[in-house]
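Q: Fold the following.
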Amino acid sequence: MYYKVLNGFKSCNGGRAVWHKPHSKNRPGKWMPKIDEIVVCESGYHVCNRNQLTQWLEHDIWEVEIRGQRIDGGSKIVTQQARLIRRVNTWTERTARLFACDCAEHVLPLFEKRHPDDKRPRKAIEIARRFAIGEAAKEELYAARDAAGAAARAAAGDAARAAARAAARAVAAGDAARAAAGDAARDAAWAAAGAAGDAVWDTAWDTARAAERTWQTDKLFESLGE
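A: Below you'll find the predicted structure:
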């Protein structure tokens, strides 16, 4: 299964393409025009697989079909042709905000270990969850975001800062879910690499970041019911 993240039917992570709408539940959209020469980040249709999706979250997630030559670009896949199959309707503003909360909460202990008396990031996550289910006002949400942001700026240590920043991101939705996931992944990587020491820094960073991304992917698809 491949995915394309769009804003409606328009490209939103680079490019200006407008994709063809599926005709019905059982009839995919038209194939996009074939691009003969594909180059990562330059030409071709850029899609992602299940394990890459958390790095590209935006307003809309679509299942896509691809054909022709393809290139694995690490965080993306580039192909000559693609078409939309169906929108993942369970990806909503509510789902996005709750997923961002999950990502932030998963690494929150790394902040609270350094700052056990500072509850601002945890409070921001709690309010974001309440807002997602209609139990908090926007004023509370924005105040919680600002407080978590202040905690991030004041935090000691890269991992602690990233954890608090992820909590601040959790207040928003859409592309902010991608940002929260990214902060959380970096947070886990900073913590693991810092504990490992200089000799194995790169290995520890990559391993911890990959493990966090795997956890996020599983959580995302659980949230989507996919």
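Q: Please name the nearest non-neighbouring residue to the residue nearest the centre of the chain.
A: Nearest to the geometric centre of the chain sits residue 178, at 2.5 Å (Cα atoms, centre = their mean). Nearest residue to residue 178, sequence neighbours excluded (Cβ to Cβ, 6 or more residues apart in numbering): residue 57, at 3.9 Å. To be clear about C-beta, it is placed using only N, CA and C from the backbone, and glycine gets the same treatment.
Q: To which secondary structure element type does that neighbour belong?
A: Here residue 57 is recorded as coil under DSSP: H, G, I helix; E, B strand; the rest coil.
Q: How much space separates residue 1 from residue 112?
A: Separation of residue 1 from residue 112 (Cβ to Cβ, to the nearest Å): 37 Å.
Q: again, but for residue 78
A: Relative to residue 112, and taking Cβ to Cβ, residue 78 is found at 41 Å.
Q: quick one, which of these two is more surrounded?
A: The residue with more neighbours, out of residue 78 and residue 112, is residue 78; 22 against 16, by other Cβ atoms under 10 Å.
Q: got the contact list for the helix or strand containing that one?
A: Element membership of residue 78 [criterion: DSSP states H and E] is strand 77-87. Residues from elsewhere that reach strand 77-87 (Cβ atoms under 8 Å, 6 or more residues apart in numbering): 2, 4, 9, 19-22, 25, 28-36, 38-40, 43-49, 52, 60-71.
Q: quick one, what contacts residue 120?
A: Taking Cβ under 8 Å, 6+ apart, we find residue 120 in contact with 144, 147-148, 150-151, 164, 167.
Q: rerun at 6 Å
A: Applying Cβ atoms under 6 Å, 6 or more residues apart in numbering to residue 120 gives the contacts 147-148, 151.
Q: again with residue 137
A: So residue 137 contacts nothing (Cβ under 6 Å, 6+ apart).
Q: Now do it against residue 5, distance only.
A: Counting by Cβ to Cβ, the gap from residue 137 to residue 5 is 30 Å.
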